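Peer 1: Generate a structure from the sequence data that follows.
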Amino acid sequence: MNKVILMGRLTRDPDVRYTNDEDPLAIAHFTLAVNRRARKDGEQSADFISCVAFGKAAEHAEKYYRKGLQIAISGRIQTGSYTNREGKKVYTMDIVIEEQEFADSKNGVAAGQASGSSGGYETDKDGFMHIPDGVEDEGLPFS
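Peer 2: Have a look, this model is predicted:
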């Protein structure tokens, strides 16, 4: 079984590119900073995990995700390798996202980081996002 579940914050805005096919496919790459349970010398440490999303999941990341946003993902580990320009073999490991959702608190991203963690929409007192009229269901994160 190959199943991974993570929750962390985006270290930067997702890098989204589209294939040059007749029917272009979105591919989003981003890194999650995932806190470790154990603290070293009383300080929090984190792992920085490379993630990739395809298709609708990538389009969702492009539209809604910003640096500092906390998300929860599940997916699978995928490894690979390539030879770099210096002729050395480089090994890679990515989490291929199968499911993703917002995990930020009602107040959103920590002060000083990206604002608009809810895609620029305001939330009510219960933390629910107000979705404006005209937003298609297929663009929502929980469809």
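
Peer 1: make it CA atoms for all contacts and neighbour counts henceforth
Peer 2: Will do.

Peer 1: what ranges do the helices span in this protein?
Peer 2: All helices of the chain, identified by DSSP state H, fall at 56-64.

Peer 1: what residue ranges in it are flagged as low confidence?
Peer 2: Applying pLDDT under 70 to the chain flags the ranges 105-143.

Peer 1: In contact with residue 98, which residues?
Peer 2: Contacts for residue 98 (Cα atoms under 8 Å, 6 or more residues apart in numbering) come out as 53, 57, 73, 74, 75, 76.

Peer 1: Ignore what I typed, I meant residue 52.
Peer 2: By Cα under 8 Å, 6+ apart, the residues touching residue 52 are 27, 28, 29, 30, 58, 94, 95, 96, 97.

Peer 1: pretty sure residue 36 is touching residue 43, no?
Peer 2: No. Assessed by Cα atoms under 8 Å, residue 36 is found out of contact with residue 43, at 10.3 Å.

Peer 1: Of the two, which one has the most company?
Peer 2: Legend: neighbour count by other Cα atoms under 10 Å for residue 36 and residue 43, higher for residue 36 (11 against 7).

Peer 1: The more buried one and residue 102, how far apart?
Peer 2: From residue 36 across to residue 102, the span is 20 Å (Cα to Cα, to the nearest Å).

Peer 1: Please apply the same query to residue 55.
Peer 2: According to Cα to Cα, residue 55 stands 18 Å off from residue 102.
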